[in-house]
Every structure is written in C-alpha cells, then in structure tokens.
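Student: Just to be clear, the model below is a prediction. Sequence and coordinates:
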Amino acid sequence: MDDEALEVDQDRVHFEQPAQEIALADYVHEVEHALVRIERLNLAIQEAARSVPPQMRAVMAYSGLVPSEYSTGERRVQGTITKTGNAHLRRVVMEAASGLSVPTMVGR
C-alpha cells in the first residue's frame with residue numbers, strides 16, 4: 001500500500017466526533033511508520049546478504065550476536081553479546097531463533 005492510497009482513504013472517511021478523527025489520523029500515521037521501518041529492515045537484510053559471506057559466524061558477527069571477551073594472559077572470559085552490529089537484523093535473527101526453539105502447540 002503506498003502513501004497516496006493511505007491519504008486518499010483518510011480524506012474520504014469522516015466521523016462525528018473529533019476524537020475519532022484524531023484516532024484515525026494516529027492509526028494511519030502508525031501504519032505509515034511501520035511501512036518505513038519494514039522498508040529499512042528489508043534494505044538492511046539485503047545489505048547483509050550482499051556484503052556478508054554465507055558463513056554463520058560472519059552473519060552473527062555482522063548482527064552483533066557474538067559474545068564480548070575479556071582476556072588477560074591465558075585467562076579468557078566470554079561475556080554477553082556485543083550488540084555492536086545491525087540492530088534490526090539482530091532482532092529478526094533472535095525472533096526467528098526463539099520461534100524455532102519452542103515446539104508448535106496444536107489445538108484439540
């Protein structure tokens with residue numbers, strides 16, 4: 001759905017109460033904002049697919065899903081994830097992984 005279609009639909013719909021008009025405008029704004037975020041995420045994924053080798057370690061490093069490391073001499077301690085990479089890609093990878101880790105529940 002493009003921006004012009006959203007504007008035309010909003011111009012055609014009128015309510016008796018001003019609060020309803022405000023709620024509609026807010027809803028349309030949020031939908032437009034979501035479309036912009038989806039486009040940014042798609043571009044980030046395309047960039048990652050283009051510029052990152054297919055090895056999983058490289059993808060995880062690009063997204064910031066690698067552990068931080070504290071090392072002194074022979075001692076090596078790994079900490080939490082670094083979160084230094086692409087935040088949108090990291091969120092998508094984490095959501096996909098959490099979805100795969102939980103078995104699907106089938107209703108009766």
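Tutor: Cool, got the structure. Residues are numbered from 1 along each chain as shown.

Student: Wait, a helix at residue 31?
Tutor: Yes. Counting by DSSP: H, G, I helix; E, B strand; the rest coil, residue 31 is found in a helix.

Student: What number of residues are in the vicinity of it?
Tutor: The number of residues packed near residue 31 is 12, by other CB atoms under 10 Å. Where you see a C-beta, it was placed from the backbone N, CA and C, and this is true even at glycine.

Student: Could you do residue 65 as well?
Tutor: 18.

Student: For it, list the residues it contacts.
Tutor: The neighbours of residue 65, taking CB atoms under 8 Å, 6 or more residues apart in numbering as the test, are 81, 85, 90, 93, 94.

Student: Where does pLDDT dip in this structure?
Tutor: 1-11, 48-54, 56-57, 104, 107-108 (pLDDT under 70).

Student: now the helices for it?
Tutor: 3-12, 18-51, 56-63, 87-101 (DSSP state H).

Student: Nearest to residue 17 among the contacts of residue 65?
Tutor: residue 94 (41.3 Å; CB to CB).

Student: Nearest spatial neighbour of that closest one, chain-adjacent residues omitted?
Tutor: In space, and not counting its chain neighbours, residue 94 is closest to residue 65: 7.5 Å by CB to CB, 6 or more residues apart in numbering.
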